[in-house]
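1. Show me the folded form of this:
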Amino acid sequence: MADEAEFELGLVMAGAISAGAYTAGVMDFVIEALDSYYAARERADWTGPRHGVKVPVLAGASAGGMTSAISAVHFMHDIAHQRPGSDTASPKSNQLYNSWVREIDIRKLLGTSDIEKRRAVISALDSTALWDIASSALEAEGEKRKRPWVGDPLAVFLTVANLRGVPYGFQLYGTGSSDAYGMTNHMDDMRFAVTWNSETPAGFIDLKPGDAPGGNWPTLARAALATGAFPIGLSPQVLSRRADDYYHRSDRRAPAFGDTKPDQYDFVCVDGGLMNNEPLELARRHLSGGIGNRNPREGEEAQRAVIMIDPFPNLVEFNPEADNDDRLRAILPKMFGALVDQARFKPEELELAERSDVYSRFMISPSRRDTQGRQAEFAIASATLGGFGGFFEESFRRHDYLLGRKNCRSFLRRYLVLPETNPLFDAMSPEQREAWYVRDRQGNKRMVQDSKGNLHPALPIIPLTGGLAEDEAIPAHEAPKPERVDMEGIRRQVRARIKALGEITIDEELRPVLNGLLRFGSKLVLKWSLEKKLTNKVMEKIKTGLAPLEDPPRRSKDEGA
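-> Sure thing, here's the model as predicted:
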């Protein structure tokens, strides 16, 4: 076969908390679509597009980082795709589904194993089961194989909030001093490279397919836990890497460790989404070849693109009533929120993503219509309870996984396109183009812009073959089932968790400031008053948060009769 034109895609997975199930569903369909397309090209009777598609980079934050890590595993294993009405796959045949739908659940997060092990307050929820899920996800069924559409090396970026920080020094001109001006970077990332025949890029941790689930793969699992360590809610993680890794980054100067440079650099970290929830720039730079380079944006020249998978795209919510409470108790939480918002403020990236004539950036986000054909307020069940809703019932997560597949199909079929003037399609005849033009729901050709504003018919970057273009409807019996949530069982676990957290706080954390008598009295207050009050408050939050999923929705007390 003659050298074929090729398009590169970087897949970026945003923070999602329990909506990692949605992102996992998107990745399930991406793998199926690319496998199907490459298999179709090998058939003797194939007359469709022949261009290549390559995925050389995955980047993720929080739940998106976890899904990126699991995707890297399944990129080298077959996967049993989950569809409506089908749920028979063994755990290792689809770790995306097993990890995000079957395994993770609020009952595990409300345990007390962490307190029994450490005798310390680490996080509001019990994270001990997460390591079992992460480490088991490294094992998938079947022989490992090198897919033709997966990059070699395959770069995997997982963002983390590095609480220790990395020092950098700048010698300022005209200061008259030999001292360097210092800054500390906390917006960090762990970099891995899955290599079959290629060299490991400098600064990356090598992942050899033959080593899995051993070798450096457990480090990937630990980094996945770190990027998903939701602040306060889930346990922070301590990571270790070679300090030399920081000296080989094309996007940053060498750190200022000086004479104190360690061989191994250990650091405690929390959720990567705290500072970099949508690591689009990491993937973009990797695709373009480094800082200062640019991926062509014009429709007639585009060769590479990043796709953001974002279950919770940020919405503009401006409160017309200013809350200028200047008391300390009001200022502290506002300061934390302001720092997070500012770290995520990336107007330049989003301005490019919203332009219809830019073909180097795309986004998939949840979309669902209700029984009346209207856009549903909560497209995914996991959007409730501030993103934690999916943890409360497996049917929530399964629905979101299936919706991820459904939305991905629509995206690949109608939106991940280029104008036919792009060189990617030069080898296609007029008859082939006519057969593969992208069409809207009414059957009309979709017309897209080039850099001069001219309109051209669109052709798909990932052609859907083997019947994948047909809609995969989610039947009514696959809808979220809030009636299955065991509220009484959750209440018992919530109270037990509050009791355990309260007692360990009194016995261990407050021991230096409370004598024995005060600790005894505090436990009595906890037992006879605080446990019940706090449990009631938590349960009311849960009930109110899950109410939008009910039919009809439960009305809160302050909505009136």
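2. alpha carbons only for contacts and neighbour counts from here, please
-> Will do.
3. just the helices in the stretch 51-200 of the chain please.
-> Here the stretch 51-200 of the chain has its helices, by DSSP state H, counting those that start in this stretch, at 63-74, 95-97, 106-109, 113-118, 128-136.
4. Among those, single out whichever gets nearest to residue 243.
-> helix 63-74 (22.1 Å; CA to CA).
5. Quick one: mean pLDDT for that closest one?
-> The average pLDDT for helix 63-74 rounds to 96.
6. distance of residue 182 from residue 171?
-> Distance of residue 182 to residue 171, given as CA to CA, to the nearest Å: 9 Å.
7. about what we covered before: make TSV from the helices of the stretch 51-200 of the chain and add mean neighbour count and distance to residue 477 to it.
-> Compiled in TSV, the helices of the stretch 51-200 of the chain are given as follows (neighbours: other CA atoms under 10 Å; distance: least, CA to CA, whole Å):
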stretch	mean neighbour count	distance to residue 477
helix 63-74	28	26
helix 95-97	30	19
helix 106-109	19	23
helix 113-118	14	35
helix 128-136	18	28
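8. Now tabulate the ones you listed in CSV and tack on distance to residue 273.
-> Converted to CSV, those look like this (distance: least, CA to CA, whole Å):
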stretch, distance to residue 273
helix 63-74, 9
helix 95-97, 20
helix 106-109, 20
helix 113-118, 23
helix 128-136, 18
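9. so which of these gets nearest residue 509?
-> helix 113-118 (12.1 Å).
10. packing partners for that closest one?
-> Helices and strands touching helix 113-118, by 3 or more CA pairs under 8 Å, 6 or more residues apart in numbering; DSSP states H and E, are helix 487-504.
11. and if we set it to 6 Å?
-> If you count contacts as 3 or more CA pairs under 6 Å, 6 or more residues apart in numbering; DSSP states H and E, helix 113-118 packs onto no helix or strand.
12. and that helix, how far from the chain's centre?
-> 28 Å (CA atoms, centre = their mean, to the nearest Å).
13. Where does pLDDT dip in the stretch 451-561 of the chain?
-> 551-561 (pLDDT under 70).
14. Would you map the strands across it?
-> 455-460 (DSSP state E, counting those that start in this stretch).
15. Ok, the stretch 201-350 of the chain next?
-> 205-207, 237-242, 264-271, 304-309.
16. Buried deepest among the ones you listed, which one?
-> Ranked by mean neighbour count under mean count of other CA atoms under 10 Å, those are led by strand 304-309, which reaches a mean of 24.
17. Give me the contacts around it.
-> 7, 8, 9, 10, 11, 12, 13, 360, 361, 362, 363, 364 (CA atoms under 6 Å, 6 or more residues apart in numbering).
18. Tell me how many other residues crowd the second one.
-> Just to be clear, that refers to residue 8. Residues near residue 8, counting by other CA atoms under 10 Å, number 22.
19. how near is the residue lying farthest from the centre of the chain to residue 523?
-> Residue farthest from the centre of the chain, counting by CA atoms, centre = their mean, is residue 517 at 47.7 Å. Between residue 517 and residue 523 the computed distance is 10 Å (CA to CA).
20. The strand ranked longest in the chain vs helix 63-74, what angle?
-> Longest strand in the chain by number of residues (criterion: DSSP state E): strand 150-170. Angle, strand 150-170 to helix 63-74, by axes from the mean of the first three to the mean of the last three CA atoms, to 10 degrees: 140 degrees.
21. Quick one, grab the pLDDT at residue 89.
-> For residue 89, the predicted pLDDT is 68.
22. what's the answer for residue 212, then?
-> Residue 212 is given a pLDDT of 94.
23. What residue, apart from its backbone neighbours, is nearest it spatially?
-> residue 138 (6.9 Å; CA to CA, 6 or more residues apart in numbering).
24. my guess is that neighbour contacts residue 215, does it?
-> No: using CA atoms under 6 Å, residue 138 is not in contact with residue 215, being 11.3 Å away.
25. who has more neighbours, these two?
-> It is residue 138, of residue 138 and residue 215, that has more neighbours when counted by other CA under 10 Å, with 22 against 13.
26. Which of the helices of the stretch 51-200 of the chain sits closest to residue 394?
-> helix 106-109 (9.9 Å).
27. Any idea how far the closest one is from the middle of the chain?
-> Worked out by CA atoms, centre = their mean, helix 106-109 lies 20 Å from the chain centre.
28. which residues make contact with that helix from outside it?
-> Against helix 106-109 from outside (CA under 6 Å, 6+ apart): 125, 126, 391, 392.
29. now stretch 160-172
-> 180-189, 227, 255-256, 267-272.
30. how far out from the middle of the chain is stretch 229-241?
-> With CA atoms, centre = their mean, you get 16 Å for stretch 229-241.
31. Quick check: end-to-end length of it?
-> First residue to last in stretch 229-241 (CA to CA) measures 18 Å.
32. Can you report how many residues lie near residue 442?
-> 6.
33. Report the separation between residue 240 and residue 216.
-> According to CA to CA, residue 240 stands 12 Å off from residue 216.
34. Give me the pLDDT value at residue 294.
-> 88.
35. Can you report how many residues neighbour it?
-> By other CA under 10 Å, neighbour count at residue 294 equals 14.
36. Skip the chain neighbours and tell me the closest residue to it.
-> residue 288 (5.6 Å).
37. In this structure the one you found contacts residue 297, no?
-> No: using CA under 6 Å, residue 288 is not in contact with residue 297; the gap is 11.5 Å.
38. Looking at the two, which is more packed in?
-> residue 297 (19 against 16).
39. any idea how far that one lies from residue 359?
-> Following CA to CA, the distance that separates residue 297 from residue 359 is 5 Å.
40. closest one to residue 385 among the strands of the stretch 201-350 of the chain?
-> Using CA to CA, those put strand 264-271 closest to residue 385, at 18.2 Å.
41. Given the closest one, what are its sheet partners and their directions?
-> Under the criterion DSSP bridges, strand 264-271 sits next to strand 150-170 (antiparallel), strand 237-242 (antiparallel) in its sheet.
42. Going by residue numbers, what spans are helices in the stretch 301-450 of the chain?
-> Under DSSP H, counting those that start in this stretch, the stretch 301-450 of the chain gives helices at 328-343, 347-353, 394-414, 430-436.
43. Among the contacts of strand 304-309, which lie within strands?
-> Checking these against DSSP E, those in strands are 7, 8, 9, 10, 11, 12, 13, 361, 362, 363, 364.
44. what sits against the first one?
-> Shown here is residue 7, whose contacts under the criterion CA under 6 Å, 6+ apart are 53, 303, 304.
45. For the nearest residue to residue 160 once chain neighbours are set aside, give me its contacts.
-> In space, and not counting its chain neighbours, residue 160 is closest to residue 272: 3.6 Å by CA to CA, 6+ apart. Residue 272 makes contact with 61, 62, 159, 160, 161, 227, according to CA under 6 Å, 6+ apart.
46. Mind putting these into a markdown table with distance to residue 543?
-> Formatted as a markdown table, those follow (distance: CA to CA, whole Å):
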| residue | distance to residue 543 |
| --- | --- |
| 61 | 29 |
| 62 | 26 |
| 159 | 33 |
| 160 | 32 |
| 161 | 32 |
| 227 | 29 |
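47. All set now, cheers.
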